[in-house]
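[1] Just to be clear, the model below is a prediction. Sequence and coordinates:
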Amino acid sequence: MEQIYTIPVNEAFEKSRDDQACGCPLCTLWRMLEENELDLILGASMMEPDVRIQTNKTGFCKTHYDMMFVRKNRLSMALTLESHLDELRGEIKGGLMGKPGEKTASRIAKLEESCYICGRIEYNFSRMLNTVVYLWETDPEFRIKYAQQPYFCLPHYRRLIETARAKMGKKALSPFIKQSAEIVEEYFDTLREDVSWFCKKFDYRYEEEPWYNSKDAVERAMKFLCSDLHHPPEKKK
């Protein structure tokens, strides 16, 4: 029986099953979480005291600053930045206590490694990975759906393996790893052939040959190797 927490997972896997151009279903889930967090932080969550305490402490990464900047609610971003800058200025002011500059450098280093939105995405995405392996283990229909995926990108393939090893029983783990490997390795081989053919097409001996499925091979290889995550909207001129 489908539960509320399983709906996004099922929808993402159905989307990739029905349209292979959608690619890795876990990338789809990750982007959905990112969109939700961006909407919240520039909307309802922005004025919540507990959220503001966290954003003052962690700030945001460059990618998510850029994605917030091109959205409509510039005032929300400015208000969040105002309190973040105030708190941060107090923490790095002076820097002469103890070993000169040590505390300041340490605080900035932590800031460079933290992002409120990244943290929220990771928190929820790890739970969705748990849901994927749970559904595979308990729902025969989902197992069929899983087998029909076009591929899993390598970073998310790693996360699937790690989650399964931590959460699955021994009986289910081996067939899950086997099925996941078959999906990834089949796509791996196809992608390698497409990239190779793309390279050949720049050789004059092959210029009259058709492109087959290689025109977007470079883009697909990048998504496979590094995931297909941030899709920021274009900034209006």
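    Yep, that arrived.

[2] Neighbours of V133, how many?
    22 (other CB atoms under 10 Å). For the C-beta atoms, the positions are set from N, CA and C on the backbone; glycine is no exception.

[3] Over to E185?
    E185 is flanked by 11 other residues according to other CB under 10 Å.

[4] gap between it and R17?
    For E185, the distance to R17 equals 19 Å [CB to CB, to the nearest Å].

[5] go on, K223?
    17 Å.

[6] quick one: contacts of the helix or strand where L88 lies?
    Using DSSP states H and E, L88 sits within helix 74-92. Contacts with helix 74-92, where a contact means CB atoms under 8 Å, 6 or more residues apart in numbering, come from 41-43, 46, 52, 55-57, 59, 68-69, 71, 103-104, 107-108, 111.

[7] Kindly recompute the last result at 6 Å.
    Here helix 74-92 makes contact (CB atoms under 6 Å, 6 or more residues apart in numbering) with 42, 46, 55-56, 59, 68, 104, 107.

[8] Tell me the first helix or strand C-terminal of that helix.
    helix 102-112.

[9] helix, strand or coil for the residue lying closest to I183 once chain neighbours are set aside?
    Among residues not flanking I183 along the chain, Q149 sits closest, at 5.7 Å (CB to CB, 6 or more residues apart in numbering). At Q149 the chain is in coil, as set by DSSP: H, G, I helix; E, B strand; the rest coil.

[10] and what of R220?
    Going by three-state DSSP: R220 is helix.
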